[in-house]
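With the input below, show me the fold.
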Amino acid sequence: MLKIHQIFIIKFLLLFVGTLFVTSLVSYFALKSSIIEHNQEHLQNAIELISLEINREENLEALASKMHESTGLRTTIVNEDGVVVAESDADKESMDNHGSRYEIMQANSEEFSHIVRYSDTVKVDFLYVAKKIVYKNKTFYIRLAISLAKMMDDFYALWINLVLLFVAMTLIAFYGSWRMSERVLYDIGQLTSYLDEISNKNYRAIVKTKYFYEFLQISLLLKNLVKKLSNRDKKKRKYTAKLRLINKQRNDILSAISHEFKNPVASIIGYAQTLEEDPEIDPKIRAKFLEKISSNGEKISKMLDRLALSVKLENNDLELRESEFNIKSLCEEVAANMLLKYKDREIILSLEDQKVFADKTMIELTLINLLDNALKYSQNDIYFTLAEDIISVKDSGIGIKEEHLDKVTAKFYRVEKNSWDNSMGIGLAMVSYILKAHKSFLEIQSTFAKGSVFSFSIKEMIKK
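Here you go, the predicted model:
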């Protein structure tokens, strides 16, 4: 398997050589085409000069020889019947009729015609350029030709120079990639050694990358990792302590639930056993015992329902069923029902008329929890108000110490001096979940031994 620096060198060289090869190939055809075009223009200019001088010459054959001697170009003059009347490089008598040659035929429709073709006469590839002229009131064709062998010799000489340059650039690229590979190896070696030190828990090891920004970034990330690893033992101890605390809390919760269920379960068992042992018991006492069994069963059922509801609210699994209703009427209804439970207490109402769009059942549960909480932990009157889109429940009870204020809404959390009851410490947690689902929150203001105010906003519930 190749190493990263070897892959880097191979891919770099392949890319570089491939780029040079494609560039060279394109330049080869471009140069070849350019050289042919250049010579084509050269032949056209030469024909123009002959056209200007031809009427001064009496002997066309002498003109062809003279042109060949001065320019080195093969010169051919053809009459309108296609017969070669003058030729600088061959015996005109042995030459075929040129009337059907492409360059002669094309010269009738274009100012200059040109073609590259193999010459059967002199056995060489030529570039031909021809033009039709009038000499002594007769039509003739002047054709100049240059050997492609000579052109290509010049071209190949230039091409050899380009190939040498190509080889030199490849060697330079190879050397540059080798040097770069050495630097890559150095930085990788630094990182490898550093990782070895870290694996041996030497968190004071030093890494120094010198050449590449990416490796510098990796080294910085590794240093940050080392800092985290060096603090791992402390965090581990803290985490262990936290686990112990969580286990303790779980045990407390289980104890609390067990305690809350123990009383109603014991009552149910006691009443049931009494009825079972005394079949002849007074019907009135039987009815009373059955009522007690039923009420305790309902109490257990309600506690389980509240626990299940709190779990759903905590996990956002409860789907709100929103509807429009008058929250003032709901507040009055909840207050009236609470007074049936606390018959010797008074709730002072100060409520504004307001329609909202919310889950009525959940809001009712919220109000019940807040009022029940206030009535349970205070002996004086309760103030239940709805003003300026704020619902408040104020009591003059035992209050909450400052260190408990941010914890009372936590699930199963109870202030130590308060006894456990069938709420299991989930009432305020449920209130917080419900209000959060309605884009509101529970605000608590409390002074220990003086009382508390629980309030929340209904602005987000008001139907616009």
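
Near the nearest residue to Gly99 once chain neighbours are set aside, how many other residues are there?
Once flanking residues are discounted, Gly99 sits nearest to Gly82: 2.3 Å by CB to CB, 6 or more residues apart in numbering. Yep, even glycine has a C-beta here, placed from its N, CA and C like the rest. As a burial measure, Gly82 scores 15 neighbours (other CB atoms under 10 Å).

pretty sure Gly82 is touching Ile104, no?
Yes - applying CB atoms under 8 Å, one finds Gly82 in contact with Ile104, separated by 6.7 Å.

Identify the contacts common to those two.
With contacts taken as CB atoms under 8 Å, 6 or more residues apart in numbering, Gly82 and Ile104 have His98 as neighbours in common.

how about low-confidence regions in the stretch 1-150 of the chain?
Applying pLDDT under 70 to the stretch 1-150 of the chain picks out residues 1-9, 12-13, 20, 28, 121-122, 150.

now the strands: where do they sit in it?
Assigned by DSSP state E, counting those that start in this stretch, the stretch 1-150 of the chain shows strands spanning 74-79, 84-87, 113-119, 124-135, 138-147.

ok now the third one, how far from the chain's centre?
Spelled out, it's strand 113-119. On the basis of CA atoms, centre = their mean, to the nearest Å, strand 113-119 sits 62 Å off its chain's mean C-alpha point.

how does this structure divide up, domain by domain?
4-154, 233-314, 322-461 (automatic domain parsing).

As a markdown table, the ones you listed with distance to Glu182 would be great.
Converted to a markdown table, these look like this (distance: least, CB to CB, whole Å):
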| stretch | distance to Glu182 |
| --- | --- |
| domain 4-154 | 8 |
| domain 233-314 | 40 |
| domain 322-461 | 60 |
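
Looking at the ones you listed, which is nearest to Arg179?
The closest of those to Arg179 is domain 4-154. By CB to CB, the value is 10.3 Å.

Tally up the residues packed near the residue lying closest to Leu216 once chain neighbours are set aside, please.
Excluding its sequence neighbours, the residue lying closest to Leu216 (CB to CB, 6+ apart) is Thr209, at 5.1 Å. As a burial measure, Thr209 scores 21 neighbours (other CB under 10 Å).

Can you say which of the strands of the stretch 1-150 of the chain is packed in most?
For the strands of the stretch 1-150 of the chain, the largest average neighbour count (mean count of other CB atoms under 10 Å) is found in strand 74-79, namely a mean of 24.

May I have the strands that pair with that one, each with its orientation?
strand 84-87 (antiparallel), strand 138-147 (antiparallel) (DSSP bridges).

Figure out which of those strands is closest to Val334.
Each of the strands paired with strand 74-79 has some distance to Val334 by CB to CB; the shortest is strand 138-147, at 111.3 Å.

ok and that closest one relative to strand 113-119, angle-wise?
60 degrees (axes from the mean of the first three to the mean of the last three CA atoms, to 10 degrees).

Pull the CA coordinates from strand 138-147 and hand them back as PDB.
Extracted in PDB, the C-alpha atoms of strand 138-147 (Å, rounded to 0.1, in the frame of the first residue of the first chain):
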ATOM      1  CA  LYS A 138      -3.900  34.900 -72.800                       C
ATOM      2  CA  THR A 139      -4.800  33.100 -69.600                       C
ATOM      3  CA  PHE A 140      -2.000  31.400 -67.700                       C
ATOM      4  CA  TYR A 141      -1.700  29.900 -64.200                       C
ATOM      5  CA  ILE A 142       1.300  30.600 -62.000                       C
ATOM      6  CA  ARG A 143       1.900  27.900 -59.400                       C
ATOM      7  CA  LEU A 144       4.600  28.100 -56.700                       C
ATOM      8  CA  ALA A 145       5.400  25.200 -54.500                       C
ATOM      9  CA  ILE A 146       7.600  24.600 -51.500                       C
ATOM     10  CA  SER A 147       8.800  21.300 -50.100                       C
END
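
what's the neighbour count on Asn373?
For Asn373, the neighbour count with other CB under 10 Å is 21.

For it, which non-adjacent residue is spatially closest?
Gly427 (6.1 Å).

Please report how far that neighbour lies from Ser230.
45 Å (CB to CB, to the nearest Å).

Also Ile434?
45 Å.

cool, and Glu93?
For Glu93, the distance to Ser230 - CB to CB - is 104 Å.

try Ala173
From Ala173 across to Ser230, the span is 45 Å (CB to CB).

neighbour-wise, which of these two wins?
For the pair Ala173 and Ser230, the greater number of neighbours falls to Ala173 (18 against 12), based on other CB under 10 Å.

dump the residue contacts of the residue lying closest to Leu386 once chain neighbours are set aside.
The shortest distance from Leu386 to any non-neighbouring residue, by CB to CB, 6+ apart, is to Leu351 (4.3 Å). Applying CB under 8 Å, 6+ apart to Leu351 gives the contacts Lys328, Cys331, Glu332, Phe384, Thr385, Leu386.

Recalculate using a threshold of 10 Å.
Each residue near Leu351 by CB atoms under 10 Å, 6 or more residues apart in numbering is listed here: 326-332, 335, 384-387, 391.

can you pull out the helices in the stretch 351-464 of the chain?
Listed in chain order, the helices of the stretch 351-464 of the chain (DSSP state H, counting those that start in this stretch) span residues 360-376, 427-437.

which element is Gly297 on?
Here Gly297, judged by DSSP states H and E, is contained in helix 283-314.

partners of the closest residue to Gln106 other than its chain neighbours in the sheet?
Spatially, and ignoring its direct neighbours in sequence, Gln106 is nearest to Ser113 (3.4 Å; CB to CB, 6+ apart). Beta-bridge pairing of Ser113 under DSSP bridges involves Ala130.

re earlier: make sure the residue nearest to Leu216 is indeed in a helix.
No - membership of Thr209 in a helix is not supported by DSSP: H, G, I helix; E, B strand; the rest coil, which gives coil.

I figured it hits Ile188, correct?
Yes - between Thr209 and Ile188 there is a contact under CB atoms under 10 Å: 9.0 Å.
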